[in-house]
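Asker: coords below, sequence missing:
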């Protein structure tokens, strides 16, 4: 398989994630968009490792590290969103600005 279609897929996923972060106001949707961007990075890592045909599997190892960081980000991010939702009854990001000083 050539590298081009895989990179196009990753670019589309990353673009959808950037759009989701910039355009959405719901905190859960923003977290999902960040996950899309991290998955696009994982696709790139594995694709380049496959294209370079290295025997060490460095791209796959880095992808596992990214998945681990993404899991921690989701756990902490959802915990914060749930605590704010309990207090404010909204997961809207505009409402989070009222918490400033």
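Answerer: Perfect, thanks for sending it. Bear in mind that the values here come from a model prediction, so they are computed numbers and not experimental data.

Asker: that's a helix at residue 54, yeah?
Answerer: No: Residue 54 is assigned coil when assessed by DSSP: H, G, I helix; E, B strand; the rest coil, not a helix.

Asker: next, count neighbours for it.
Answerer: Neighbourhood size, residue 54 [other Cβ atoms under 10 Å]: 12. All C-beta atoms are positioned from the backbone trio N, CA, C, and that covers glycine.

Asker: phi first, then psi, for it.
Answerer: phi -90, psi 150 (degrees, to the nearest 10).

Asker: likewise for residue 26?
Answerer: The phi/psi pair for residue 26 (degrees, to the nearest 10) is phi -90, psi 130.

Asker: doesn't residue 92 make contact with it?
Answerer: Yes: counting by Cβ atoms under 8 Å, residue 92 is a contact partner of residue 26 at 6.4 Å.

Asker: quick check: which ranges of the protein have low pLDDT?
Answerer: 1, 95-101 (pLDDT under 70).

Asker: and if we set it to 50?
Answerer: The model of the chain has no residue with pLDDT under 50.

Asker: what's the single longest helix in it?
Answerer: helix 58-88 (DSSP state H).

Asker: packing partners for it?
Answerer: Counting contacts by 3 or more Cβ pairs under 8 Å, 6 or more residues apart in numbering; DSSP states H and E, helix 58-88 packs against helix 27-52, helix 93-96.

Asker: tell me the most buried of these?
Answerer: helix 27-52 (a mean of 18; mean count of other Cβ atoms under 10 Å).
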